[in-house]
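*Asks:* from the sequence below, what's the structure:
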Amino acid sequence: MTDSETIGIMADSHGNPDMIAAALRLFQVRGCSRMVHLGDICDSVVYQQTDACVELLLTHRVLAVKGNNDHAIVRDGRARQSRAISEETIAYLEALPLQIELAAALFVHSRPFADILGMAAMTGDIDQDEVARLRAQCPRKILFRGHGHSPRVSRLNGSPVRPASSDEDCRWQIDRRQGWIVTCGALFNRVCMTWTPATGSLISHRLAV
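*Replies:* Numbering: from 1, shown residues only. Model (predicted):
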């Protein structure tokens, strides 16, 4: 990943391929050269559209991490027995990583340090011990996470940052002199983000669908 790239970030589509497609269209308009899905691609209760969601991610080469709903699909035999989800999709979900690191950013579903937390990293919120570990080990990293369904940006020191504008697309400036925690917001709520490392521009987009 280069600083000049714009990165498209989505999370928590919960089995809605139409919302994934809408985010992909926006990312194309915004010139995103790389895209990431922060997990809960599918929904463990309403899972009939899982194949369609995964096909979109594969077709558009979207990087993805595993969310707790994705993990539940793999663990719950009902989805496989129903034949509503292909074996190829099950294998894709099973192989998803818990964390991706690209340059100045970490991408997870909920919490970092999957090497310590294991599958528990997909649930819960980030506690103070984990924030302190982030400050010590990754003082200038940006942590992008899903799981929380509302967009939120805070410094690693814990202070939340209000967006720079109050219109439909909320904007922040993210500099590299300190660490950040960014909750993307849920795609099922029509929210996704774009981030340009070179300028520090972070935008939360409200999809018009």
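
*Asks:* for the rest of this, base every contact and every neighbour count on C-alpha atoms.
*Replies:* OK.

*Asks:* now do the SS call for Ile100.
*Replies:* Each residue gets one of three states, and Ile100 gets strand by DSSP: H, G, I helix; E, B strand; the rest coil.

*Asks:* which non-adjacent residue is nearest it?
*Replies:* Spatial nearest neighbour of Ile100, excluding adjacent residues (C-alpha to C-alpha, 6 or more residues apart in numbering): Phe107 at 5.1 Å.

*Asks:* for that neighbour, give its distance to Gly179.
*Replies:* Taking C-alpha to C-alpha, to the nearest Å as the measure, Phe107 falls 14 Å from Gly179.

*Asks:* shared neighbours of these two, anything?
*Replies:* Residues touching both Phe107 and Gly179 (C-alpha atoms under 8 Å, 6 or more residues apart in numbering) are Leu143.

*Asks:* mind listing the strands for the protein?
*Replies:* 7-10, 34-37, 63-64, 99-102, 105-108, 142-145, 152-155, 170-173, 180-183, 191-196, 201-206 (DSSP state E).

*Asks:* could you find the closest non-adjacent residue to the residue most central in space within the chain?
*Replies:* The centre of the chain sits closest to Leu38, judged by C-alpha atoms, centre = their mean, with a distance of 2.1 Å. Leaving aside its sequence neighbours, Leu38 sits nearest to Ala11 (C-alpha to C-alpha, 6+ apart; 4.5 Å).
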